[in-house]
Every structure is written in C-alpha cells, then in structure tokens.
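[1] Structural data only, the sequence is not supplied:
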C-alpha cells in the first residue's frame, strides 16, 4: 500500500477503508480502552488523530509511541467523533519505527526562539518552523514561476569569484594556501599566484555583474542563489549567508525596474496567500496579529515613489528625534525607512535617485544634477515592518561614465576588464535589482529575526550544523 500524506488525509473527500500514514508523534493520550495519538508528517500544520484500540495485537508497544517517535500506522479513515477536525484514523495496526525517550527536546510546552536555534536539527518538527519552511519552499517556487512566466532565463552565477560587485570589500576569502606557512614573494608578501586559482578569490556577494553578461545576450535573466557578506553585524535583519534573487533586464530604465520590483513583490504575496493559507493563519495568530492585514494592505495600495531628496526633506520636517540624524548625502537607516512607510506615506515606498557617493560604481549617473548633489538612478523598495526589501538600479551603460565611477570608488579597471567590454561591444541600457529572499520571508511570515527563516543560520561566531 502506498503512503498517504497527512494533508491529503485531512482533505479527503470520502472515508477510506485502508490507509497508510507515516510520521512523528506530537502527543499521545492514553485512556482505559484506547490511546489517542496526534501524528504529523510535516506536510501541513495540523496533525491527524490516530485512535488505537487496546485490543490491537501490538497495543503493548504503545508505550514506545512517545512524543518525537516515528510511527507507521495502518488503519481506516473515518469521520471524527470529536470536534476540531473532520477525519481521524482508526488504527488496525501500527509500528514504532524510531523511538524517542523523555530527553527529546520538543516536548509539548513553550520554547524560546533562542533555544530552538540551538536545536536547528529538530526545530523543523515544531509548528512554527514547519510552517516557516513550508512557506520558504513555496516562496522559492513562486520566484521561479514569476520569472519563467515572464520569459526570463534562469542563470547560475558563480559562488567563487575574483570580483567584488559592491566595491565594499566585506567578503569571505577562499584559499587553499597553508595559512601557517603561506608562500611568500621576494618582498615578503603572500604569493597569491600560488593559490588554487592563481589569484585572490572570495565567496560572492552578488551574482549581478555576471547576470549583466547574460542580459546583454539573452535580454531578460535572473539569478537565485546563496550570497555571502563578511560583515560583523548582529542585527535581526543581517546574516553572513543568505539567498538573493537578482533579475537583470536589457533595454530597461529605472522606471521599468521599479515597475518590475512592485509587480514581483505583489505576485509573491498573492501566491503565498493562495497556497499557504493555513500556515499564514498560524503566523497571524501566534507570531504577528497584524500580518494578514499588512499583506492585504500591500496588495491593495499602489506603491508610492519618492526621490531620495524628497525623502530627506520629509524626515527633516517630521519633528521626530532620530537616533541617526539624516542630512543629504547620508544613507537612510531602518528607522527612516520605516517612518516613511508606516507613518508618513502609510504604504510601501520606492525611494529613487540616491547620492552618487554612497552607491555602487555600476549605477547610472543621472543627468542634470546640481553640483555637489550628483545622484545615480538607484532605487530601494521599502515595506512596512521591515524597511528595505529590494535594492536596484539602472546600470551605467556608458563606458566613459562607468570608468569615472570606478575611479571614484578606487577600483582597478584590470579586475573588471570583461565588465568594461560589455560597454565596448554593443552596449545597451539595462537595469536590475536584488531581493533578499530571507527579508521577503520575514515580511510574509511576520517572523522578526532572519535567523528563524533560514534553515541553518550563519552569523558572526555561529556556523553550527
């Protein structure tokens, strides 16, 4: 007999004379003539009730069916006599596959998020994290669905790279050199030519630059993969390893980029609401009571567009005392972003045309700027409760302007020869953005810490599992 998943059993249209379930025991309650077991297999939030009669030949083994134990159950799917669910299973036989004793950490009681991070190998069995990772799976599917339906091509960009897409330098070094006795040059410096790739290499911070190569050949492409930042940041929104979605569109300007970002965010929210209603209901009940209202709000409201200069003026005239006072030329902080979305505009906001000096070298310089207030065609999409969720720009397609941007950021053109070639051979206007996958997960689940929406968090000092 083939296995039936719990979600399919709970959604059955009619009783079943024979059913096979396999899963893990959430709880067991013994009465005089029966035992009631809640069995969950991770296919949905709810478990299904198993009724085991004391007259069963193998009933003596019921004492091994403790919380956390794995179980195989043969039985009949019948209408439940109790309230709360439509179906239950009357067991005709069961086998305890894997026992779990009283030291099993996920007993039926409250657990702190900090404790659950310490048992990341077991926390997916909890209600919260089962829901989080089911939504994560569906959201990843929806990402691909969105771009594939729009005719984009999926490009796998390298994990190991010799270039820094951000120009920030906060990258993890990749090396096979003997760190205790590295090879040296004549002047005593480490001889990187002796390393595996013959030069310094790093874990990627972005697949954008490589995506631009393919956009200049296939027109519309996207990447979706892991990225790494060696920033010693301990906030609830930063991780050292996370996943990024980065579309790149040829013959596209900043307005087209902003349109795509807005459409993308709304598509993902709509998909999760359609396909994960039970998990979203759980989040709205136990994690963030305003979650469903906020998601509906984002879907219904048109996104406001506001220039960086306008945003700074709004913040200056707000009458609020900021932890990080802002003036023209400064980066916007989370408190500023959330004020714009949650208090001033009361809707998602796309801020565009940022100061050139605080943005990356590849962003297109805007024309007609006042002296001392040069800007680039960059945009950040801000949402209530999170702040920045997308960052993007129109790329600088003009060779002379790109070289000037590289000089401004003190980058060596020799390291970007191929990137400059894209501007020499058939250059086109193009634009793209990056969406932090975990940030989007935080937004659609209401979970407040990035460590709790990624299976195994990599943060400063933490690389367990």
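    Noted; the coordinates are in hand. Remember, it's a predicted structure, so these values are computed and weren't measured experimentally. Residues are numbered from 1 along each chain as shown.
[2] Roughly how far does the residue sitting furthest away from the middle of the chain sit from residue 210?
    Most distant from the centre of the chain: residue 55, at 49.4 Å, with distances by Cα atoms, centre = their mean. Separation of residue 55 from residue 210 (Cβ to Cβ, to the nearest Å): 66 Å. Yep, even glycine has a C-beta here, placed from its N, CA and C like the rest.
[3] Check the secondary structure at the residue farthest from the centre of the chain for me.
    Secondary structure assignment for residue 55 (DSSP: H, G, I helix; E, B strand; the rest coil): coil.
[4] could we number from 30 for the rest of this?
    Sounds good: first residue 30 from here, last item residue 84.
[5] Next, the contact list for it, please.
    residue 62 (Cβ atoms under 8 Å, 6 or more residues apart in numbering).
[6] Next, it: phi, psi?
    Residue 84 adopts backbone torsions of phi -80, psi -10, taken as degrees, to the nearest 10.
[7] ok, now the one 4 residues further on?
    When read as degrees, to the nearest 10, the backbone of residue 88 gives phi -60, psi -20.
[8] Quantify the burial of it by counting its neighbouring residues.
    For residue 88, the count of nearby residues is 16 (other Cβ atoms under 10 Å).
[9] ok, and the closest non-adjacent residue to it?
    Leaving aside its chain neighbours, residue 88 sits nearest to residue 81 (6.5 Å; criterion: Cβ to Cβ, 6 or more residues apart in numbering).
[10] Double-check that that neighbour belongs to a strand.
    Yes - per three-state DSSP, residue 81 lies within a strand segment.
[11] That one and residue 127, how far apart?
    Counting by Cβ to Cβ, the gap from residue 81 to residue 127 is 18 Å.
[12] between these two, who's got more neighbours?
    Taking other Cβ under 10 Å, residue 81 and residue 127 do not tie; residue 81 has more neighbours (26 against 10).
[13] Touching, the more buried one and residue 123? I think so.
    Yes - counting by Cβ atoms under 8 Å, residue 123 is a contact partner of residue 81 at 6.3 Å.
[14] what residues are shared contacts of these two?
    residue 91.
[15] and the residue nearest to residue 88, what is it in contact with?
    Contacts of residue 81 by Cβ under 8 Å, 6+ apart are 63-66, 88, 91, 120, 123.
[16] Just the pLDDT for residue 111.
    On pLDDT, residue 111 comes in at 77.
[17] residues near it, how many?
    Number of residues near residue 111 (other Cβ under 10 Å) recorded here: 9.
[18] In terms of helices and strands, where is it?
    In the assignment (DSSP states H and E), residue 111 maps to no helix and no strand.
[19] how about the strands of the stretch 280-429 of the chain, start to end?
    333-336, 378-384, 404-412, 416-423 (DSSP state E, counting those that start in this stretch).
[20] Which of the ones you listed sits closest to residue 430?
    Of all the strands of the stretch 280-429 of the chain, strand 404-412 sits nearest to residue 430, with 10.0 Å by Cβ to Cβ.
[21] Which other helices and strands does the closest one contact?
    helix 283-304, helix 363-368, strand 378-384, strand 416-423, strand 459-465 (3 or more Cβ pairs under 8 Å, 6 or more residues apart in numbering; DSSP states H and E).
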